[in-house]
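K.L.:
Okay, structure incoming, though there's no sequence with it:
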């Protein structure tokens, strides 16, 4: 799949902070269903108010969330979020994003849609 074309399907907040690095078209054996997994990696931008002279990027942690289906296929977003570490205290920080609906594994847009049609995801 074309990464540039896929950008039309995702929230602009996501694309401001993350880049699409990989797209998989997979089959789920148990559910007998094809799905698309789009892997996003957070850009190397420290949270506001922090300095690169004090913090260093120390890897990622991942979270998978579900988004709207595309052409009848389930869509899962694998979000690789950065972690930065204070060079002196070793304390870690990360950005706080609000495009993931709290208490769910859906984007806020998908959660609002499900709530509206009576299938509350929470």
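P.N.:
The structure has been received and is ready for your questions. As the structure is a computational prediction, the values presented were derived from the model and not from experiment.
K.L.:
Can you pull the poorly scored residue ranges out of this structure?
P.N.:
1, 27-33, 98-111, 113-115, 117-122 (pLDDT under 70).
K.L.:
Do a quick rundown of the strands in it.
P.N.:
If you assign secondary structure with DSSP state E, the strands in the chain sit at 18-28, 33-42, 55-70, 73-86, 92-93.
K.L.:
what angle separates the third one from strand 73-86?
P.N.:
Angular relation of strand 55-70 and strand 73-86 on a 0 to 180 degree scale: 170 degrees, by axes from the mean of the first three to the mean of the last three C-alpha atoms, to 10 degrees.
K.L.:
Does anything pack onto strand 55-70? Which helices or strands?
P.N.:
strand 33-42, strand 73-86, helix 108-116 (3 or more C-beta pairs under 8 Å, 6 or more residues apart in numbering; DSSP states H and E). (C-beta placed from N, C-alpha, C; glycine too.)
K.L.:
export the ones you listed to JSON lines and tack on mean neighbour count?
P.N.:
Listed next are these as JSON lines, based on neighbours: other C-beta atoms under 10 Å:
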{"stretch": "strand 33-42", "mean neighbour count": "18"}
{"stretch": "strand 73-86", "mean neighbour count": "18"}
{"stretch": "helix 108-116", "mean neighbour count": "16"}
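K.L.:
Select, out of those, the one closest to residue 93.
P.N.:
For residue 93, the closest of the helices and strands packed on strand 55-70 is strand 73-86, at 5.3 Å, according to C-beta to C-beta.
K.L.:
Run the angle between the closest one and strand 18-28 for me.
P.N.:
Using the same axes, to 10 degrees, strand 73-86 lies at 140 degrees relative to strand 18-28.
K.L.:
Now for residue 51: which residues touch it?
P.N.:
Contacts for residue 51 (C-beta atoms under 8 Å, 6 or more residues apart in numbering) come out as none.
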